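A.B. asks: Next come a sequence and a model predicted from it.
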Amino acid sequence: MEAQLRAARREIVLANMLWEEGQDSPGAAVARTLAELRRDVQAHPERYPQGLTVRVLLGHSIRLDALTDPAANAFTAARQLLAAGIPLTGDTVPGWRLELADYRYAAPHQHAKLIVVDGQDVIAGGFNLSWMHLPATTRAPDAPRGGGQDLTDLALRVRGPVARHALAAFADGWAHSDLLECRAAPTPQTVREVCTFSGRGTLPLTWASPAATSGDAHVYGLYRRSGYETQDDTVAELFGAADRRIDVMQSQVSGTLGCSLSLTLPGLCRFPEDQLPVWLSAVRAVRERGVTLRLLLDYDPLLQVEGLSLLGSLRAALAPEGLAGHVQARWFAGAGGLHTKAALIDGEMLTVGSQNLHFSAFGPGGLSEYTLATSDAGTLRAFGRQFEYEWARAQPVTLPAWVP
C-alpha cells in the first residue's frame, strides 16, 4: 500500500473505516508516506506537473478504545498527519493539497476500504488501518496487546478503467462527508480543540478521454450505501447463477436482523422470512442445480453465533429434499482470525471487498461498501489455491443442540 501511494503523481484518494493510534501503527506509516510525498512535491515539482492532491476519508465508526466517539478515527488521522509534518491549514508547499473528511453518518457508517491513485490504480479489500492487520511479530509498546495480531485479510489491486468507478464511489462518499476545518493552526495536541468536521467539499469527476486499459482482464466495481443498493442485487444474482460451487471466505455472515435476534429464541431463524437475498439465491442454486455452498468462517465467539443460526436455517430448509449436505461450513484455523470478505463462484468469478454477507451490509440500513469482481484467470487460480489450503486445515462446524 505504501508503494502504491509513493507512485502517485497527481491524486490520491483513501477511504477506510478505522485509523488506530500508535506511533508505529499502520495509519502512522501512511501519514509518514504522505509526508514523504509532500517533501518530494516541494523538492521536485517537475515530477508533479498538475500538483498532488490527497483526500483521506474516515468512516465515522466507533472503535474498541472509543466506543462513544465515532470521530475518533478521523481525529487520530489528523494528529498523525500533523505529527508526520503535514500542516492541516495554511500549507505553503506549491502544488500540494491535503483534505481530511469524516463520513457524516454513524448509522450506517462508511465501511469501505479503498485507495485510488491517479485515477488509474485501485486497491479494494477488507483491511483497516489497524494493529490487528499487522503480523504478530510486529511488537510495539503502545499497541493493543503489544503489537500486531495476525488477522487474515484480502484485497485486490487493479490498474485500468475500473479505477474510475472506484473514484466515483469515493466521490459519492466524499459528498456525504464533513471536511476538517480549523479556526487556528492545529498541533497534534490541540487539533480537537481548534478543529471540527463541519466543512463541505466536492470531488469533480471530469475525464478528457476514455480510460486507458492495462491488460485484458475483466474487472467490475460494486458499490453500495443506504439509498443506493444495487450491489446487494448483483451479489445475490451472482450466487444464484452458480452451476457447481460457491466458495465463501467471510468474517461475518448472518440472516436478517430477525434471524440474529432469534438467538434469544433458539430455532426461530425462519426460512425464507429471515434470510438475506444472497442466501435465498444460494439455496435456489442448490435446489435447481445441486450447487455446493462452502462457508469458511471466522471462529470468533462474538461472531460465530450468528453464523450458526444462519447455517442451521439453511440446512433445515434443504433437509426435506435431502440437500442439507450441500451447505458445508468450517472454522478458519489461522490463529489471528479471519477478516476477509470474498466469494468464488464456479471458479469463474471472484469478489473481494469490504461487504460482509451480514444484515449490516444489506438493505436501506446497510453500511457503505466497495467490492471488486474479476474473472481474471490468474487471480481465480490464486484465490482458489488459498481457499483450498485454508479449507483443508479448517475445522468442520458442528451445530449446537439449540439449532434445528
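C.D. replies: Happy to help now that I have it.

A.B. asks: Can you name the residues that contact the residue nearest to residue 346 when sequence neighbours are not counted?
C.D. replies: Spatial nearest neighbour of residue 346, excluding adjacent residues (CB to CB, 6 or more residues apart in numbering): residue 244 at 5.1 Å. Heads up, the C-betas are built off the backbone N, CA and C, glycines and all. Contact analysis of residue 244 by CB atoms under 8 Å, 6 or more residues apart in numbering lists 289, 291, 292, 346, 347.

A.B. asks: got the domain boundaries for this structure?
C.D. replies: Listed domain ranges for the chain are 2-199, 219-396 (source: automatic domain parsing).

A.B. asks: what pLDDT, on average, does the shortest one get?
C.D. replies: Put plainly, it is domain 219-396. On average, the pLDDT along domain 219-396 is 94.

A.B. asks: Endpoint to endpoint, that domain covers what distance?
C.D. replies: 33 Å (CA to CA, to the nearest Å).

A.B. asks: What is the distance between that domain and the centre of its chain?
C.D. replies: 15 Å (CA atoms, centre = their mean, to the nearest Å).

A.B. asks: if we can go back for a sec, tabulate the contacts of residue 244 in CSV, adding columns for distance to residue 34 and neighbour count.
C.D. replies: Below are these laid out as CSV (distance: CB to CB, whole Å; neighbours: other CB atoms under 10 Å):
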residue, distance to residue 34, neighbour count
289, 49, 12
291, 46, 24
292, 46, 16
346, 41, 15
347, 39, 16
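
A.B. asks: Of the residues you listed, just say which sits nearest to residue 76.
C.D. replies: Comparing the contacts of residue 244 against residue 76 with CB to CB picks out residue 347 as the nearest, at 40.9 Å.

A.B. asks: Give the full set of residues in contact with that closest one.
C.D. replies: Contacts for residue 347 (CB under 8 Å, 6+ apart) come out as 244, 245, 380, 384.

A.B. asks: And for the third one, the neighbour number?
C.D. replies: Using other CB atoms under 10 Å, residue 380 has 18 other residues around it.

A.B. asks: Doesn't it belong to a strand?
C.D. replies: No - Residue 380: not assigned to a strand; according to DSSP: H, G, I helix; E, B strand; the rest coil it is helix.

A.B. asks: In a strand, residue 145, correct?
C.D. replies: No - Residue 145 sits outside any strand when classified using three-state DSSP, being helix.

A.B. asks: Please name the nearest non-neighbouring residue to it.
C.D. replies: Excluding its sequence neighbours, the residue lying closest to residue 145 (CB to CB, 6+ apart) is residue 131, at 7.6 Å.

A.B. asks: Same question for residue 178.
C.D. replies: residue 197 is the one closest to residue 178 (CB to CB, 6+ apart), at 4.1 Å.

A.B. asks: The one you found should be in a strand, yeah?
C.D. replies: Yes - Residue 197 sits within a strand when classified using three-state DSSP.

A.B. asks: contacting residues for it?
C.D. replies: Going by CB under 8 Å, 6+ apart, residue 197 touches 71, 74, 101, 102, 178, 179, 180, 181.
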